[in-house]
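> curious how this folds, go ahead:
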Amino acid sequence: MIDRLNPEGLRYAQAVAETKSFSAAARAYGVTQPALSNGIAKLEERLGDRLFDRSPRGVTQTAFGARILPLIERALAALDAVAAEARRLTEPGEQRIRMGLSPLIGSHLVARAFTMVRDLPLPRDLVLREANMQDLRECLQAGQLDIILIPAVAAMPRFEHRVVDVEPIVVVSPDITEATPLELEEAGKEQFILVPDTCGLTTFTTQLFQAHEMPLRTYAGEALGYQVLEDWAKLGLGSAMVPRSKLTSPEVPHRPLMNEGREVQISFEAVWSSDSPLGTDLLQLADSLAAARR
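Reported below is the predicted structural model:
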């Protein structure tokens, strides 16, 4: 007899089936790969057979997994439908949209969101919560937030996505004499000060250098916030890479970051569940933000 199944293990398995990668699935859920692998191993033990084969070429479903994983997907859809219907029945007069924000989101995007919720067919209040990326993803999955605005740096399977803003990246360096553009190839020669990998900026920086097969030289320490990045750059500890809106002042010496003559930009996305009772309004809000992109 199969023991009671853990829904979290089912969701881990579904994420691996969608991403075909244990590491990508772990990033999507904001958990460590060992934690995700352990959850799937426990699920496989309860089910009695392996769901996936892992090889140097990637992750594939076993014959057993090919039969079981569609059932897992339907079971999770049913669980999500129960939660969504319960929210709809217990909060019929809900007038709020609970929006989570990465600290990397610029105030101009938040201001647009406030304007656009007032233009919905049923005007609503916008309630904001700023948190790190992992907390935002977990709260969205738990139904504690309706929509989140985050850097588009990590996949979230089974959620709706819209790119709602793009912003140029600039480099603050200790030896800037004029604001001439800095090519990415030249930036590879500099040492960068990073912030904790919670807001998405360090993930973006790392992915940017990896995508161009360039080594990322980093300062041994770590800054807590964007103001500290500027202060430490002034001290000569290294350079800082930030979205332009995160400069504390336009007068802060900085250079646009370019790649073969084109601006390097960071994308921001809205993420929400199509099963949300506010799904129609969230879709309209995200589409409006995307249409108003600068």
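> next one: the closest residue to D119 other than its chain neighbours from V31, what distance?
If the residues on either side of it in the chain are set aside, D119 comes closest to S288, at 7.2 Å by Cβ to Cβ, 6 or more residues apart in numbering. Glycine gets a C-beta too; all of them are placed from N, C-alpha and C. Note on S288: its distance to V31, by Cβ to Cβ, to the nearest Å, is 33 Å.
> check S37 too.
S37 is 10 Å from V31, by Cβ to Cβ.
> please enumerate the strands of the chain.
Secondary structure of the chain (DSSP state E): strands at 52-55, 58-61, 96-101, 125-130, 147-151, 160-172, 182-183, 191-192, 217-218, 240-243, 255-259, 262-263, 265-272.
> most tightly surrounded among the ones you listed?
strand 240-243 (a mean of 26; mean count of other Cβ atoms under 10 Å).
> what's it packed up against?
With contacts defined as 3 or more Cβ pairs under 8 Å, 6 or more residues apart in numbering; DSSP states H and E, the packing partners of strand 240-243 are strand 160-172, helix 201-211, helix 226-234.
> the bottom helix or strand of this protein by mean pLDDT?
The helix or strand of the chain with the lowest confidence, counting by mean pLDDT, DSSP states H and E, is helix 63-90 at a mean of 82.
> what is that helix packed up against?
helix 7-19.
> list the buried ones in the helix it packs on?
8-19 (16 or more other Cβ atoms under 10 Å).
> before we move on, what about stretch 180-195?
So stretch 180-195, judged by 16+ other Cβ under 10 Å, has buried residues 182, 184, 187, 190, 192-195.
> okay, the nearest residue to V16 once chain neighbours are set aside: pLDDT?
Leaving out its chain neighbours, the residue that sits closest to V16 by Cβ to Cβ, 6+ apart is A25, at 4.5 Å. Note on A25: pLDDT of 87.
> give me the distance between A25 and G9.
A25 is 12 Å from G9, by Cβ to Cβ.
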